[in-house]
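A.B. asks: got a sequence here, can you model it:
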Amino acid sequence: MDTNPINNSTTYSPVIVNSIIVEQAEEDPRWFKKLSHSKYFKYFKNFLFIILILNLIGWGNMLFFISIGAANKTIPDEHTRKIWMEIAFQVVNTLVFIMIAGYTPWRIRDLYQFYREKHQSKVLQRYKYVNNLILLQMILWSLIINSIVQFALVICIWSMDMNKRPMWLVNIFGGLGLVSGVFAGLAQFILEKRAKKKQKLEQQFVRTF
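C.D. replies: The predicted structure follows:
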C-alpha cells in the first residue's frame, strides 16, 4: 500500500500566472496616466490654455495697434512706443513658443514612427483621417519645420538687441513659421472634417437599409 502523503498544493502553469500578472498590470495603470485622464487635469489644462490664448490675443492686439499708429495719441513718444512694441512682440513670441515647444516632442515622435515600419501603423491610426501617405508626410514635415523655425526665431530674438536685430531675419523665420503652421493646421482641419462628414454619411446610409 502506498503511504506517500498526498500533496494538496495546487500547481499553476507559468503561462497562466504570467497572464494573470499581465492582466493585473494592464488594469492598474501608472499614477500619471490616471492623472492625465482625470477630469481635474482636463479642467486645469483647459484653464491654462484659456489664459494663454487670452494673453496672446491681448498682447497681439496691442502690438497690432501700436504698429498701425493707433496708439500715437496714447503714447506720443516714439522711443516709448518702440519699447512697448518690443515688449509686446517678446510676449507674443514667448506664448507661441510655449505652445509649439509643448507639441514638439510628439511631432518628433510621429515623424520617427512614420519612417519606422514597425511603428508606422501607430502614426496611421493617430492620423487616420489622412488616407494619403504623401500628404501625411508633408503634414509631419511641416510641423517639424514649424518647430525648428520657432526655436530659431526665439534664439534670434532673445540673443540680439532690438536695435541691432536684423528685421529681414525675423521676417524670414516668422514667415516660414506662419506658412508651415497654417498649412499643417489647415490641412488637418479640412481632412478631419471631411472624414467625419464621410463617416456620418456612411452611418446614415447603413441606417436607411
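A.B. asks: what sits against residue 76?
C.D. replies: Counting by C-beta atoms under 8 Å, 6 or more residues apart in numbering, residue 76 touches no other residue. Every C-beta, even on glycine, is put in place using the N, C-alpha and C of the backbone.
A.B. asks: could you number the chain from 19 rather than 1 from now on?
C.D. replies: Sure, I'll start counting at 19 from here, so that last one is residue 94.
A.B. asks: gap between it and residue 103?
C.D. replies: 14 Å (C-beta to C-beta, to the nearest Å).
A.B. asks: one more: residue 167?
C.D. replies: Residue 167 is 22 Å from residue 103, where distance means C-beta to C-beta.
A.B. asks: of the two, which one has the most company?
C.D. replies: Set residue 167 next to residue 103 and count neighbours by other C-beta atoms under 10 Å: residue 167 wins out with 21 against 17.
A.B. asks: now the helix or strand hosting that one: buried residues?
C.D. replies: For residue 167, the host element (DSSP states H and E) is helix 151-177. Using 16 or more other C-beta atoms under 10 Å as the test for burial, helix 151-177 gives 154, 157-158, 160-169, 171-172, 174-175.
A.B. asks: could you do stretch 94-104 as well?
C.D. replies: Buried-residue list, stretch 94-104, by 16+ other C-beta under 10 Å: 99, 102-104.
A.B. asks: stretch 196-210 now?
C.D. replies: Of all the residues in stretch 196-210, those buried under the rule 16+ other C-beta under 10 Å are 198-199, 201-202, 205-206, 209.
A.B. asks: so where is the protein shaky, pLDDT-wise?
C.D. replies: Counting by pLDDT under 70, the chain contains low-confidence residues at 19-47, 49-51, 53-54, 227.
A.B. asks: tell me where it has helices.
C.D. replies: Taking DSSP state H as the criterion, the chain contains helices spanning 32-45, 49-54, 57-85, 96-132, 138-144, 151-177, 185-226.
A.B. asks: and residue 178, how far from residue 75?
C.D. replies: 27 Å.
A.B. asks: and what of residue 64?
C.D. replies: 16 Å.
A.B. asks: now swap in residue 88 and tell me
C.D. replies: From residue 88 across to residue 75, the span is 16 Å (C-beta to C-beta).
A.B. asks: residue 196 too?
C.D. replies: Applying C-beta to C-beta to residue 196 and residue 75 gives a distance of 17 Å.
A.B. asks: likewise residue 118?
C.D. replies: From residue 118 over to residue 75 the distance is 17 Å, taken as C-beta to C-beta.
A.B. asks: who has more neighbours out of those two?
C.D. replies: Neighbours of residue 118 and residue 75, each counted by other C-beta under 10 Å, are more numerous for residue 118; the result is 21 against 12.
A.B. asks: now for the more buried one: which residues touch it?
C.D. replies: Counted by C-beta under 8 Å, 6+ apart, residue 118 has contacts 164-165, 168, 199.
A.B. asks: residue closest to the middle of this structure?
C.D. replies: With distances taken as C-alpha atoms, centre = their mean, residue 121 lies nearest the centre of the chain, 3.3 Å away.
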